[in-house]
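Peer 1: I need the structure of the sequence given here:
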Amino acid sequence: MVYRAARNDNPEKMRVDIGSVSLVGRPRIGLALGSGAARGWVHLGILRGLREAGVSVDILTGTSAGAVVGAFYAANSLDRLESFAQELKSFRTTFNYMDFSFAGRGLVGGKRFVQFLNEYLPVRHFEDCEIPLGIVASDLRQLGEVHIYEGALLPAIRASVAVPGFLEPVESGEMQLVDGGLLNPVPVNLARKLGADIVIGVDLNAHPERVPAESMGGVFNRTIEVMTNRIRLYNREVHPADYWIEPRLEDYSFFDFHRTEAAIELGLRLAKEHADEILKLHTPHMITSDGAVRMPDMFARALNYVKLREENKESRESQASPEESESRAATKAGDDPGELSTEQNSTKLTTPDE
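Peer 2: All right, here's what the predicted structure looks like:
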């Protein structure tokens, strides 16, 4: 049996042969931080709480608010972001960081947000981060998901938070980049792409409000929420995390940036509640002399999940009509001109002086 361990420069996680038993070391833990605007302050508490509990995060990915918090954590500057967040005492102080403009392609230009990043975030490139970091954006031109994990960091964050219509898009080469939450609210797939063996997903929108629309504007907003919720559920099915943290945030508005303390405290409580289960994910792989592989429970559940999905797929195909089977075969062969590719673009952003 051949076992390939993930590349890692930490001696504690390298493979060590002990007689007839091979100790491979703990899996690489990836943390995927979801989008959610002001709800993203919960990420601060979760990250701080997991760190206090002894959970080691090897890879970080983030979308929108998750990209902001993830970048500060990867730069070992979470305290600086928390210090800034504590200054936002009201809607008025929040609006001071918004340069409103009604002449462009968004209500807010985004220059003040970049100024905030320049002032508080000490690194400028992905390569300068202390742990691998990946950020998700959406490309309006190619209608696709974009993974950014090298090059200039600030424009990547700025692109990932660019809510369409609210914050102006970021132009980068042939791409017009906006909020990654449009297509991938919790970037589990990017964490695996960067080498994570186990991925913990933090879904800030796992418990949507169940309320009717009371006005024309309410109908419009609720319609957007229906579509975004379906995208969120689809991503969770196609790219499942090994473990989910799902805060209940129904009473948190997307613009409640001033509710920092309550959000951080909620994150800390959640981290403490989930810490024991997450620490179990650090269980090392063991390969015994008879070739048997002993895996953590989470790996076994993941394999059962894949097996179940395959069985369900085979069951659906066996029950399909001849017309459906023929259509499916044509799609697999690439005959359908409307077929969507599951491959995401990866890009490297540069700053104007590069």
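
Peer 1: in the stretch 101-250 of the chain, what spans have low per-residue confidence?
Peer 2: Low-confidence segments of the stretch 101-250 of the chain (pLDDT under 70): 103.

Peer 1: that one: strands as residue ranges?
Peer 2: According to DSSP state E, counting those that start in this stretch, the stretch 101-250 of the chain carries its strands in the segments 106-108, 133-139, 144-151, 165-167, 170-172, 175-179, 198-202, 243-245.

Peer 1: among these, which is nearest Leu268?
Peer 2: Closest to Leu268 of those, according to Cβ to Cβ: strand 243-245, at 12.2 Å. The way it works is simple: take the backbone N, C-alpha and C, and place the C-beta from them, glycine included.

Peer 1: other SSEs contacting the closest one?
Peer 2: Using 3 or more Cβ pairs under 8 Å, 6 or more residues apart in numbering; DSSP states H and E, the elements in contact with strand 243-245 are strand 198-202, helix 260-279.

Peer 1: could you redo the last one with a cut-off of 10 Å?
Peer 2: strand 29-33, helix 41-52, strand 198-202, helix 260-279 (3 or more Cβ pairs under 10 Å, 6 or more residues apart in numbering; DSSP states H and E).

Peer 1: which ones are touching the nearest residue to Gly54 once chain neighbours are set aside?
Peer 2: Leaving out its chain neighbours, the residue that sits closest to Gly54 by Cβ to Cβ, 6 or more residues apart in numbering is Leu279, at 6.8 Å. Residues in contact with Leu279 (Cβ atoms under 10 Å, 6 or more residues apart in numbering) are 50, 53-56.

Peer 1: what about 8 Å?
Peer 2: Counting by Cβ atoms under 8 Å, 6 or more residues apart in numbering, Leu279 touches 53-55.

Peer 1: top of the residues you listed by neighbour count?
Peer 2: Using other Cβ atoms under 10 Å as the neighbour criterion, Val55 leads those with 20 neighbours.

Peer 1: hmm, back to that, out of the helices and strands packed on strand 243-245, which one sits most buried?
Peer 2: Burial of the helices and strands packed on strand 243-245 is given as mean neighbour count (mean count of other Cβ atoms under 10 Å); strand 29-33 ranks first at a mean of 29.

Peer 1: list the strands paired with that strand, with their directions.
Peer 2: When pairing is defined by DSSP bridges, strand 29-33 lines up against strand 59-63 (parallel), strand 198-202 (parallel).

Peer 1: make a markdown table from these and add distance to Ser172 to it.
Peer 2: Shown next, in a markdown table, are these (distance: least, Cβ to Cβ, whole Å):
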| stretch | distance to Ser172 |
| --- | --- |
| strand 59-63 | 17 |
| strand 198-202 | 27 |
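
Peer 1: looking at these, which is closest to Val170?
Peer 2: In terms of Cβ to Cβ, the element of these nearest to Val170 is strand 59-63, at 14.6 Å.

Peer 1: contacting residues around the residue nearest to Leu133 when sequence neighbours are not counted?
Peer 2: Spatially, and ignoring its direct neighbours in sequence, Leu133 is nearest to Ala74 (4.1 Å; Cβ to Cβ, 6+ apart). Neighbouring residues of Ala74 by Cβ under 8 Å, 6+ apart: 60, 129-133.

Peer 1: out of the residues you listed, which is most surrounded?
Peer 2: Most crowded among those, counting by other Cβ under 10 Å, is Leu60 at 30 neighbours.
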